[in-house]
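Participant: Structure for the following, please:
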Amino acid sequence: MPDERYDVVVVGGGSAGAVMANRMSEDGTTRVLLLEAGRPDSFWDVFIHMPAALPFPIGSRFYDWGYRSDPESEMGGRQVYHARGKMLGGSSSINGMIFQRGNPMDYDRWAEAPGMEGWDYAHCLPYFKKMETCTAGADDYRGGDGPLILERGPATNALFAAFFEAAQQAGYELTDDVNGYRQEGFAPFDRNISRGRRWSASTAYLRPIRDRANLTVRTRAFVERVHFDGTRATGVSYQHRGASRRVDADEIILCGGAIATPQILQLSGVGPAEHLRSLGIDVVADLPGVGQNMQDHLEVYIQYASKQPVSMAPHLAWWRRPWVGFQWLFFRRGPGATNHFEGGGFVRSNDRVGWPNLMFHFLPLAIRYDGTSPASGHGYQVHVGPMFSDVRGELKIVSTDPRVHPSLRFNYLSTPNDRQEWLEAVRTARRILTQSAFDPFNGGELSPGPDVETDEQILDWVAKDAETALHPSCTAKMGTDAMAVVDPATMRVHGLQGLRVVDASVMPIITNGNIYAPVMMIAEKAADLIRGNTPLPPSTAPVYRHAHHADRASTPRP
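Facilitator: Numbers count the residues shown, from 1 in each chain. From the prediction side, this is the model:
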């Protein structure tokens, strides 16, 4: 017997789950329960809310689920670390706060698959606008009154000026807004920061509505499986405060992300039947696509020493941190109020691609993403990697114990095209960073170093040094083909009733940038689909297409 009953149970209080809890409880009458396995995002938790503190939660068992891939055969058997947020807001509470929508043609490519017509850019753009308040100004492409506040990076450090000038010297252009009409080019980046404070999905969508009488938010509630009556989902079992509990609902919406959601599905008997039976799990629905099609972005840091004392390196000193903290706590300014990822760009690495396949994040500091291995003295770096790798991985549970992490095999660097684009990525970054604009600063390449030059040397370095950009996705894709898991018109799991999926796992193909913004858009659009609301009308705003792609329509499909 269930301990409780709700109209809707949302599993996972991360980026998508925060949106779903907000929108599903919006009518004031639908009883919604949000179950989050991690901790609350306390208003006073400096490690979450101070933008510059982002290295601290990563790797901490209090904030991070700490997944690792299986040994990657093309990376010398390395197990790549995958940080995932373990609290309300999910990974939006520990990520780099970089807000990238992806290219309009990403979504038009989604829409080319049967049944996906409603997911082209014209139909997605209104939901991007709905969710955001872009402080740089609202227009045909940007929203002005949504819950998610976005601030444009100031990018005033002299190293940013050199970077933008060097990009132009290397033959690339600037753009006004990488999330607007033209993504291709270099510009200051949008960040989910407001007045010096991280603006996570929880801050945007949950904190303002926590007093809704029809919404219950329960943290440290670890969901173990979904229950079914035949092919209808009826409830979930979860652990809370040391006790096993069950809650039933008319609708269950899985928002656990690209790792937890397929894991829960497989534990519940939904997935590849042969594998589930091998673990003694009764099969509810044989859906071979659950856990397949896994995609991610891999990246490297190309670092240079700076001859001038203009980087952010001095602020890393332990003796300066109390002052940095004081400035942030009392004035929301200073080095603690920025994520430092204030600018970058998107380029095409070759003429075979119709829209950008490389993304650059520039940082006026030479340091790893998790805060380790800083360069001695002043430096700067770019993060770069291919955005459209043709590599595909898989996720499989290895135990019926839900607390045992699943097998994650990404197959990084396993295709000729992926390896070729890696060579292009590293050489493009070096070409930009060695332009004359950097002459006053260039103190020599620190990583990978001037001795890494041949194709073989570059690929060997990438295999040893690359890290995930933390964008796992596509493990329960939308579509209508044999490997699809989710109906794109309803977000229901194929062949089942009462069970839907809304998170990064439903993406059919990864977008060419950070995936936080696309996940939030998917959730906003899915909320209308699930609630039966009239969809927002498609946009008619034109979008930039490179001349190489001129044979395609110059505007989104109507």
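Participant: which regions of the stretch 201-350 of the chain sit below the pLDDT cut-off?
Facilitator: Low-confidence segments of the stretch 201-350 of the chain (pLDDT under 70): 311-339.
Participant: And the helices in the protein?
Facilitator: With helices called from DSSP state H, the chain shows them at 15-24, 46-49, 104-111, 121-131, 158-169, 201, 257-267, 273-278, 321-331, 416-433, 455-465, 516-531.
Participant: got any ranges where the stretch 1-150 of the chain has weak pLDDT?
Facilitator: The model of the stretch 1-150 of the chain has pLDDT under 70 over residues 1.
Participant: what are the ranges of the strands in it?
Facilitator: Remark: strands assigned in the stretch 1-150 of the chain by DSSP state E, counting those that start in this stretch are 4-11, 32-35, 67-68, 81-82, 132-134, 148-152.
Participant: Return the most buried member of those strands.
Facilitator: Scoring the strands of the stretch 1-150 of the chain by mean neighbour count under mean count of other Cβ atoms under 10 Å gives strand 32-35 as the most buried, with a mean of 26. Just so you know, the C-beta spots here come from the backbone N, C-alpha and C atoms, and that holds for glycine as well.
Participant: Kindly export that one (C-alpha atoms) in CSV.
Facilitator: Extracted C-alpha coordinates of strand 32-35, given in CSV (Å, rounded to 0.1, in the frame of the first residue of the first chain):
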residue,chain,number,x,y,z
VAL,A,32,2.7,17.8,-7.0
LEU,A,33,5.5,16.0,-5.1
LEU,A,34,9.1,16.7,-6.0
LEU,A,35,11.6,14.1,-4.9
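Participant: by contact count, what packs against that strand?
Facilitator: Packing partners of strand 32-35 (3 or more Cβ pairs under 8 Å, 6 or more residues apart in numbering; DSSP states H and E): strand 4-11, helix 15-24, strand 215-218, strand 243-254.
Participant: who does the second one touch, helix- and strand-wise?
Facilitator: Here helix 15-24 touches strand 4-11, strand 32-35, helix 201, strand 243-254, helix 516-531, going by 3+ Cβ pairs under 8 Å, 6+ apart.
Participant: Pick the most buried one from those.
Facilitator: Burial of these is given as mean neighbour count (mean count of other Cβ under 10 Å); helix 201 ranks first at a mean of 31.
Participant: Not counting its own residues, what contacts that helix?
Facilitator: With Cβ atoms under 8 Å, 6 or more residues apart in numbering as the test, helix 201 has contacts from 14-19, 89-90, 92-93, 148, 520.
Participant: List only buried entries from these.
Facilitator: The neighbour count (16 or more other Cβ atoms under 10 Å) marks 14-19, 89-90, 92-93, 148, 520 as buried among those.
Participant: low-confidence ranges in the stretch 351-500 of the chain?
Facilitator: Scanning the stretch 351-500 of the chain for pLDDT under 70 picks out 367-376.
Participant: Now do the contacts for the nearest residue in space to residue 169 that is not next to it in sequence.
Facilitator: By the measure of Cβ to Cβ, 6 or more residues apart in numbering, the closest residue to residue 169 outside its immediate chain neighbours is residue 435, 4.1 Å from it. For residue 435, the contact set (Cβ under 8 Å, 6+ apart) comprises 165-167, 169-170.
Participant: okay, the residues you listed in JSON lines with neighbour count, pLDDT and distance to residue 129 next?
Facilitator: JSON lines is the format used below for the contacts of residue 435 (neighbours: other Cβ atoms under 10 Å; pLDDT from 0 to 100; distance: Cβ to Cβ, whole Å):
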{"residue": "165", "neighbour count": "17", "pLDDT": "98", "distance to residue 129": "32"}
{"residue": "166", "neighbour count": "23", "pLDDT": "98", "distance to residue 129": "33"}
{"residue": "167", "neighbour count": "26", "pLDDT": "98", "distance to residue 129": "28"}
{"residue": "169", "neighbour count": "15", "pLDDT": "98", "distance to residue 129": "35"}
{"residue": "170", "neighbour count": "18", "pLDDT": "97", "distance to residue 129": "33"}
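Participant: and which of these is nearest to residue 108?
Facilitator: residue 167 (26.3 Å; Cβ to Cβ).
Participant: How much space separates that closest one from residue 75?
Facilitator: Separation of residue 167 from residue 75 (Cβ to Cβ, to the nearest Å) stands at 29 Å.
Participant: deepest of the helices of the chain, which one?
Facilitator: Stretch with highest mean neighbour count among those: helix 201 (a mean of 31; mean count of other Cβ under 10 Å).
Participant: Would you check how far apart residue 395 and residue 542 are?
Facilitator: Taken as Cβ to Cβ, the span from residue 395 to residue 542 is 39 Å.
Participant: Neighbour count for these two, which is higher?
Facilitator: residue 395 (27 against 14; other Cβ atoms under 10 Å).
Participant: leaving aside the residues next to it on the chain, what's closest to the more buried one?
Facilitator: residue 291 (3.9 Å).
Participant: Who are the contact partners of that neighbour?
Facilitator: With contact taken as Cβ under 8 Å, 6+ apart, residue 291 is in contact with 262, 266, 271-272, 394-396, 406, 475-476.
Participant: Drop anything exposed from the residues you listed.
Facilitator: The neighbour count (16+ other Cβ under 10 Å) marks 262, 266, 271-272, 394-396, 406, 475-476 as buried among those.
Participant: okay, these in a markdown table with distance to residue 6 next?
Facilitator: Formatted as a markdown table, the buried ones among the contacts of residue 291 follow (distance: Cβ to Cβ, whole Å):
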| residue | distance to residue 6 |
| --- | --- |
| 262 | 24 |
| 266 | 24 |
| 271 | 25 |
| 272 | 30 |
| 394 | 33 |
| 395 | 28 |
| 396 | 31 |
| 406 | 27 |
| 475 | 26 |
| 476 | 23 |
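Participant: Closest to residue 152 out of those residues?
Facilitator: residue 475 (32.6 Å).
Participant: What are the phi and psi values at the closest one?
Facilitator: Backbone torsions of residue 475, given as degrees, to the nearest 10, read phi -90, psi 0.
Participant: ok, it touching residue 294?
Facilitator: Yes - Residue 475 is in contact with residue 294 according to Cβ atoms under 8 Å; the separation is 5.0 Å.
Participant: what sits in contact with each of those two?
Facilitator: Jointly contacting residue 475 and residue 294 under the rule Cβ under 8 Å, 6+ apart are 258, 395.
Participant: what's near enough to touch residue 2?
Facilitator: When the contact criterion is Cβ under 8 Å, 6+ apart, the partners of residue 2 are 235, 246-248.
Participant: Spatially, which pair of these is furthest apart? Let me know, please.
Facilitator: The distance between the two most remote of those (Cβ to Cβ) is 7.0 Å, for 246 and 248.
Participant: any shared contact partners between those two?
Facilitator: Taking Cβ under 8 Å, 6+ apart as the criterion, residue 246 and residue 248 both touch 2, 227, 235.
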